[in-house]
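# Below is the sequence, then the predicted model.
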Amino acid sequence: MMKHYTIGGALALALLTSTAIAQTDANGVAQIPTVAAQPAATATSPDKSLVVTIALDNDGRPTYAVTRKGKPVLNPSKLGVMFTDAPKIERNLELIGKTTASADSSWTQPFGEWKTIRDRHNELALRFREKTGLKREMDVTFRIFDDGIGFRYSFPDQPNLHQANIADELTEFAFAQNGTAWWKPALQWNREEYLYEKTPLDAVGTAQTVMTVKLADGTHAAVHEAALIDYAAMNLARSEGNTFKAALTPGAGAPKVVRTAPFASPWRTVILSDDAPGLYMSHLELNLNEPNKLGDVSWIKPGKFVGVWWNMIKGDWTWATGPKHGATTANVKTYIDFAAANRIPGVLVEGWNVGWNGDWFGNGNDMQFDQPTPDFDAAELYRYAKAKGVYLVGHNETGGSASHYDAQLDRAFSYARDHGIPVIKTGYVTDAGQIERVDADGTRKREWHEGQWMANHYLRVVQTAAKYKVGIDSHEPIKDTGLRRTYPNWLSREGGRGMEYNAWPGKNPPNHEANMFFTQWLGGPMDFTPGVLSLEGSGGSPLLSTEAKQLALYVVIYSPVTMAADTPENYAKHMDAFQFIRDVPVDWSETRVLNGEVGEYVTVARKDRAGEDWYLGSITNEAPRMLTVALNFLDSGRNYTAEVYRDGAGADYRTSARHAIAIEKRSVKKGDTLSLALAPGGGQAIRFVAAGKARRR
């Protein structure tokens with residue numbers, strides 16, 4: 001509970017008022033001067049490098065501003081909220097209370113990119129009240145970390161603000177410098193599945209978050225949100241110049257958010273760093289989420305999986321029953337055999353249930369999530385997989401019929417529990433704004449994937465799944481805002497252009513993953529489904545990648561559930577390279593971003609949580625490059641064998657030489673340096689095997 005102390009008397013008057021003196025021009029006409037906002041409160045980061053200043057202008061409008069190392073990053077930016085049925089809260093405000101606090105603690109993730117997370121911040125909580133009229137109160141709480149800020153609104157229950165019907169926020173992010181932005185468009189038909197654009201900051205339209213910016217002085221910033229619960233997701237609409245305004249995702253009704261006080265908004269976040277790697281190394285998003293609410297989560301088992309999937313994506317098999325149906329008992333047994341032989345614990349199966357026949361896109365009302373098709377023997381496959389030490393990964397595609405899925409959640413997850421299915425991949429394939437919602441009275445409405453109603457639906461799915469000890473991998477999801485800390489069974493999600501786009505025309509370009517690393521993946525893990533070593537999509541069309549890059553993606557991309565997306569018959573042709581996919585873990589104790597530039601290249605090192613080995617992945621865009629990395633992340637006093645998978649001679653994503661790969665070994669130790677030669681569209685993957693460890697086969 002936040003404490004409040006009242007500022008009274010002359011101090012309050014000095015903080016909250018200012019005097020304007022009218023002047024006249026040469027013609028004697030009175031000129032009203034611009035009155036600078038008066039600082040009402042300031043707070044700094046623990047290391048003093050960030051300063052947040054909150055001010056009120058002469059009309060009682062609150063703003064916040066941010067400086068970093070003495071330079072302005074955000075100019076005074078507005079705060080406030082608009083309602084559909086009441087005046088906005090933006091002006092005529094006075095500061096009536098403030099508190100400060102500090103925290104420095106650590107917590108342990110059950111799985112993740114880091115085992116231990118440090119939470120070190122200062123907090124400033126402010127209470128504003130309208131001077132006249134409704135005299136409503138609004139709290140704004142800032143948490144200032146060494147690498148960024150988070151702030152949110154909260155509203156106490158009060159006579160003139162009990163139910164809040166929010167039309168939008170007035171929140172601004174007014175960048176103090178020009179810069180370059182990496183962003184993808186918001187509120188378009190294809191949900192979040194757009195390529196990232198690189199434009200001047202003042203040429204951005206309406207952007208989804210995460211939006212990443214490199215300012216003129218080199219400072220990097222990433223704007224996003226944390227702890228998105230019972231609220232509409234935030235987009236960024238450029239208003240003028242380098243100023244952006246929060247734009248909440250619509251719902252089926254006029255208010256974008258309907259809440260009953262007391263309540264709080266999600267945190268609005270800005271991560272700040274000298275360079276691009278520093279953005280990824282921030283823990284700000286996770287630290288602004290509540291701790292684990294599920295208790296013991298030892299039943300959650302991160303792991304890799306293969307799946308009855310890529311052949312459907314390419315069009316060789318079908319989700320619907322018939323002569324080309326993929327999810328048959330025989331086909332699934334083939335994948336179970338392959339997984340067992342290669343120490344891969346999971347097998348994803350799509351198209352296994354009743355409902356796929358007919359036109360299901362945007363209409364999943366025939367889907368039944370506890371009824372297999374006649375050619376899918378669920379009981380036999382459960383027995384067969386268990387005997388082989390393998391489990392099935394389920395798939396529940398809703399076709400956008402979210403209420404239809406709501407009605408089956410307990411049945412769906414009890415079915416999964418009873419058939420040894422620890423993870424379910426959910427899907428919401430329909431155009432943005434076309435989710436079907438059915439209210440208790442039978443009224444049908446249409447919702448956006450990231451509106452408030454769907455934010456509650458996705459969380460309801462995760463919470464129900466937890467009751468049955470099932471993890472969720474959301475596709476066509478709401479964006480990641482760090483809720484995996486609070487609900488660790490929310491394992492991963494899609495929410496961007498993944499591997500499936502490489503099966504179709506208009507493939508992901510070579511810079512795609514280097515863009516995603518410093519944008520969407522700052523929000524959290526993505527089920528990208530890498531590892532297509534055949535480098536072929538539908539009709540044999542070439543992927544814009546080298547073979548070594550497909551391996552490197554297993555280290556670069558974090559997801560606790562990670563697919564080996566190609567088919568067993570294709571992997572059989574590339575078993576030397578496939579060895580890295582067999583070896584690489586999905587759970588880490590430590591992560592280091594060694595170098596990188598947004599959209600150009602990145603090199604990541606991660607340490608296996610279950611052992612002493614380190615892994616490195618490095619990828620580039622269409623440009624070849626030579627990178628030098630110091631092996632300072634390795635443990636002192638230990639020798640390692642570096643098992644290197646690199647682009648071979650002449651490797652190039654544009655030619656058949658994209659398959660050229662060299663596999664070699666060398667002895668290394670902490671302090672050594674390695675040169676990483678990356679081909680156009682290429683990459684390099686390395687396993688650093690700690691001395692004395694026998695290789696598993």
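Looks like it arrived, so ask away.
# Okay, buried residues for the longest helix belonging to the chain please.
Within the chain, and with DSSP state H defining each element, the longest helix by residue count is helix 452-467. Of the residues in helix 452-467, those with enough neighbours to count as buried (16 or more other Cβ atoms under 10 Å) are 452-455, 457-459, 461-466. (Glycine included, C-beta is placed from N, CA and C.)
# Do you have the helices of the stretch 151-300 of the chain handy? List them.
Counting by DSSP state H, counting those that start in this stretch, the stretch 151-300 of the chain forms helices over residues 276-280, 284-287, given from the N-terminal end onward.
# Could you do the stretch 451-600 of the chain as well?
According to DSSP H, counting those that start in this stretch, the helices that the stretch 451-600 of the chain contains are 452-467, 512-517, 547-556, 568-571, 575-583.
# Low-confidence stretches in the stretch 1-150 of the chain?
1-38 (pLDDT under 70).
# which residue ranges form the strands in it?
Assignment of strands within the stretch 1-150 of the chain using DSSP state E, counting those that start in this stretch yields the ranges 23-24, 30-31, 38-44, 50-56, 62-68, 71-78, 81-83, 93-108, 116-130, 137-145, 148-155.
# In TSV: these, plus mean neighbour count.
Compiled in TSV, those are given as follows (neighbours: other Cβ atoms under 10 Å):
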stretch	mean neighbour count
strand 23-24	10
strand 30-31	8
strand 38-44	17
strand 50-56	21
strand 62-68	23
strand 71-78	20
strand 81-83	20
strand 93-108	15
strand 116-130	19
strand 137-145	22
strand 148-155	23
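# D202: which of the ones you listed is closest?
For the strands of the stretch 1-150 of the chain, proximity to D202 was assessed by Cβ to Cβ; strand 71-78 is nearest, at 13.8 Å.
# which helices and strands sit right next to that closest one?
Using 3 or more Cβ pairs under 8 Å, 6 or more residues apart in numbering; DSSP states H and E as the contact criterion, the secondary-structure elements in contact with strand 71-78 are strand 62-68, strand 172-175, strand 243-248, strand 267-273.
# roughly how far apart are A327 and D47?
When distances are taken as Cβ to Cβ, to the nearest Å, A327 and D47 turn out to be 54 Å apart.
# More neighbours: these two, which one.
With other Cβ atoms under 10 Å as the criterion, A327 and D47 differ in neighbour count, and A327 comes out ahead with 26 against 10.
# pretty sure the more buried one is in contact with T373, am I right?
Yes: A contact is recorded between A327 and T373 when judged using Cβ atoms under 8 Å, the distance being 6.9 Å.
# got any residues that touch both of these two?
351-352 (Cβ atoms under 8 Å, 6 or more residues apart in numbering).
# Could you report the neighbour count for Q408?
Q408, neighbours per other Cβ under 10 Å, totals 16.
# That one contacts Q368, correct?
Yes: taking contact to mean Cβ under 8 Å, the distance of 7.4 Å between Q408 and Q368 places them in contact.
# returning to that earlier point: between the helices of the stretch 451-600 of the chain, which one is closest to R497.
For the helices of the stretch 451-600 of the chain, the distance to R497 is smallest for helix 512-517, at 6.8 Å, taking Cβ to Cβ.
# Need the residues that contact that closest one.
Outside of helix 512-517, the residues that reach it under the criterion Cβ under 8 Å, 6+ apart are 182, 195-196, 198, 280, 496-497, 526, 528, 553, 556-557, 596-602, 619-621.
# can you rerun that using 7 Å?
Contacts of helix 512-517 with the rest of the structure, by Cβ atoms under 7 Å, 6 or more residues apart in numbering, involve 182, 195-196, 280, 496-497, 553, 556, 596, 598-602, 619, 621.
# Most neighbours among the residues you listed, which one is it?
For the contacts of helix 512-517, neighbours were counted by other Cβ under 10 Å; the highest total belongs to I619, with 33 neighbours.
# Can you tell me how far that residue is from G278?
Taken as Cβ to Cβ, the spacing of I619 relative to G278 amounts to 19 Å.
# Please apply the same query to S492.
In this structure, S492 lies at 24 Å from G278, with Cβ to Cβ as the measure.
# And these two? Which one has more around it.
Looking at S492 and G278 with other Cβ under 10 Å, you find the greater number of neighbours at S492, namely 27 against 18.
# what is that one paired to in the beta sheet?
With DSSP bridges as the criterion, S492 is bridged to D473.
# Wait, it touches M563, no?
No: in this structure S492 lies outside contact range of M563 using Cβ atoms under 7 Å: 10.1 Å.
# Show me the common contact partners of the two, please.
Here S492 and M563 have D527 as joint contacts, going by Cβ under 7 Å, 6+ apart.
# Next up, the contacts around V223.
Shown here is V223, whose contacts under the criterion Cβ under 7 Å, 6+ apart are 173, 209, 211, 236, 270.
# The most centrally placed residue in the chain and T209, how far apart?
With distances taken as Cα atoms, centre = their mean, the residue of the chain nearest its centroid is G523 (3.0 Å). Distance check for G523 against T209: by Cβ to Cβ, it reads 8 Å.
# Name the residues contacting each of these two.
By Cβ under 7 Å, 6+ apart, G523 and T209 have these common neighbours: H224.
# How about the nearest residue to R127 once chain neighbours are set aside: which residues does it bridge to?
With Cβ to Cβ, 6 or more residues apart in numbering as the criterion, R127 has its nearest non-adjacent residue at 4.1 Å, and that residue is G97. With DSSP bridges as the criterion, G97 is bridged to T6, R127.
# Distance to G315 and pLDDT added to the contacts of V223, as TSV?
Written out in TSV, the entries for these read as follows (distance: Cβ to Cβ, whole Å; pLDDT from 0 to 100):
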residue	distance to G315	pLDDT
F173	43	99
T209	34	98
M211	35	98
L236	37	98
V270	43	99
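# Let me know the closest of those to T219.
V270 (10.9 Å).
# and the closest one, how many neighbours does it have?
Using other Cβ under 10 Å, V270 is surrounded by 21 other residues.
# and the helices and strands packed on strand 71-78 as TSV, adding distance to S545?
As requested, the helices and strands packed on strand 71-78 are arranged in TSV below (distance: least, Cβ to Cβ, whole Å):
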stretch	distance to S545
strand 62-68	37
strand 172-175	34
strand 243-248	33
strand 267-273	28
